[in-house]
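[1] pasting the structure only:
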Ligand SMILES: N[C@@H](CCC(=O)OP(=O)(O)O)C(=O)O
């Protein structure tokens, strides 16, 4: 198929880190880089693309303004410097974009700002309106009010969340290296750039990310992997490349668009920014090209799980240096992405592995009935985000030995370990949600079998039915069990209420709580870790 004269209109988020905005030691603005970014963005706009810039640098500019030599450690000092620098930073951007007649807007966000659904939608609407007006929104974290858990932590994550919010086609993470390397290219002459990443979890174990951050920014390559994980899960093609030659963005888009009608390349389907239904296969056609950065290693990637390496040269174009993270074949819907990435979970709902299996089959918006709940952890209100933890046997035995509903009269006080998706585990004492013997009233014990999740959508559930015995044992020795976070959702009832109705069929909710707003205890569930 003939290539279009211009690529189709796409929504592109470009993130520029502190190290690309101000000099690492003098803190002088890197005017040539900034000007090149401005020219690139304006050119992209003239081709019909919508562009959002995520710009770090407020603290760096503040350092220069106050002639402070090094980034302070104290949060309040960083916040003060950001407040000093942000105004000058946006003035600088406005000045540069203004030279080319391009209007800009400033958007300062915190995680707290968008953890409320209404505020989140307002932010989305503002983005949409600005983009339809032809304006380039320039986003930064609102450092003045960001503290600990409400901080995005770094602008890589912020740019990924922004990309997800506006359903971007591309996220470009511009940095001081031209891609993701197997080790630090400044120190290791054998470092090889990884061109295509199909599985971030697989690639994480294969690269050294420890030394790729700069003195000024907060992010290094690890935060880029986290950002890529968030963005690709939302269907956004994510690219790590050098900020030294922003015009590479054209070449990268052009290179990828050249394959948009191809059937045997990893980047087919890029016209809409979404991958084909099946995960992209390896290999991709790659022509190694001399790096445009200081790094001389252009050795193509060693072939390994999660990455692709060189095959045959493409007839279309030389491959500009970059690493591309391919978008998920099944992107999260907006509400699910919002639930997963922007809401700070206030507590946890523990489910059995049967419920985990059924929820993981749902493409979007999984809903959990009380019958699938084993317990709760922490205190949360109705409407708040919760972690979904699945209880698993440490011996590998199937965990859903749950033979019936429970009550909370006999909490155990053993410890339970939680294993999170990043591999970390926590051991917490006193977990009443993993109960010992549960004695049921005779009326409850005669309940009919029920599946544990939305049966309308999953008619062929394989979950075990509830037995009809009066007393049902869930488990006696909690040390055999561990909890793993597998997803996030929004609670329809508070923690005490869910604890009260756990294990019961929905018709008991009104009876026990005095009202029943919903037959589901948790909705909008995103399962990020499928059953093993
Ligand atoms: N919001 C901060 C940026 C945080 C930060 O350091 O981000 P980055 O340089 O992308 O790692 C600022 O404007 O200085």
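    Good, I have the coordinates. Owing to the predicted nature of the structure, the values given are computational and were not obtained by experimental measurement. Residues are numbered from 1 along each chain as shown.
[2] Let me know the pLDDT of the residue nearest to residue 491 when sequence neighbours are not counted.
    Leaving out its chain neighbours, the residue that sits closest to residue 491 by C-beta to C-beta, 6 or more residues apart in numbering is residue 386, at 5.0 Å. For every residue, glycine as well, the C-beta is placed using N, CA and C. As predicted, residue 386 sits at a pLDDT of 89.
[3] Residue 386 touches residue 350, doesn't it?
    No - applying C-beta atoms under 8 Å, one finds residue 386 not in contact with residue 350, separated by 10.1 Å.
[4] Ignoring the adjacent residues along the chain, who's closest to residue 83?
    Leaving aside its sequence neighbours, residue 83 sits nearest to residue 144 (C-beta to C-beta, 6+ apart; 5.2 Å).
[5] Same check on residue 142?
    Excluding the flanking residues, the one nearest residue 142 by C-beta to C-beta, 6+ apart is residue 108, at 3.8 Å.
[6] Residue 118: how many residues sit nearby?
    Neighbours of residue 118 under the rule other C-beta atoms under 10 Å: 8.
[7] my bad, should have said residue 48
    Quick note: residue 48 (other C-beta under 10 Å) scores 11 neighbours.
[8] same question, residue 234
    28.
[9] and it, what does it touch?
    Contacts were defined as C-beta atoms under 8 Å, 6 or more residues apart in numbering; by that measure residue 234 touches 160, 163, 164, 167, 327, 328, 331, 332, 337, 341.
[10] Let's see the pLDDT reported for the third one.
    With respect to pLDDT, residue 164 has a value of 90.
[11] is the ligand contacted by the one helix or strand it maps to?
    Take DSSP states H and E as the rule and residue 164 turns out to sit in helix 155-165. Yes - interface with the ligand: helix 155-165 contributes 155, 156 (C-beta under 6 Å from any ligand atom).
[12] right, is the longest helix anywhere in the chain up against the ligand?
    If you go by DSSP state H, the chain has its longest helix at helix 75-99. Yes - applying C-beta under 6 Å from any ligand atom, one finds helix 75-99 touching the ligand at residue 82.
[13] model confidence over that helix, on average?
    What helix 75-99 shows for mean pLDDT is 96.
[14] Show me what that helix is packed against.
    Under the contact criterion of 3 or more C-beta pairs under 8 Å, 6 or more residues apart in numbering; DSSP states H and E, helix 75-99 touches helix 31-46, strand 50-55, helix 58-65, strand 104-109, strand 136-141.
[15] Adding mean pLDDT, write those out as JSON lines.
    Shown next, in JSON lines, are the helices and strands packed on helix 75-99 (pLDDT from 0 to 100):
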{"stretch": "helix 31-46", "mean pLDDT": "97"}
{"stretch": "strand 50-55", "mean pLDDT": "98"}
{"stretch": "helix 58-65", "mean pLDDT": "97"}
{"stretch": "strand 104-109", "mean pLDDT": "96"}
{"stretch": "strand 136-141", "mean pLDDT": "97"}
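[16] Of the ones you listed, which is nearest the ligand?
    Nearest of the helices and strands packed on helix 75-99 to the ligand, taken as C-beta to the nearest ligand atom: helix 58-65 at 3.3 Å.
[17] and that closest one, which residues are buried?
    By neighbour count with 16 or more other C-beta atoms under 10 Å, helix 58-65 contains the buried residues 58, 59, 60, 61, 62, 63, 64.
[18] Lovely, talk soon.
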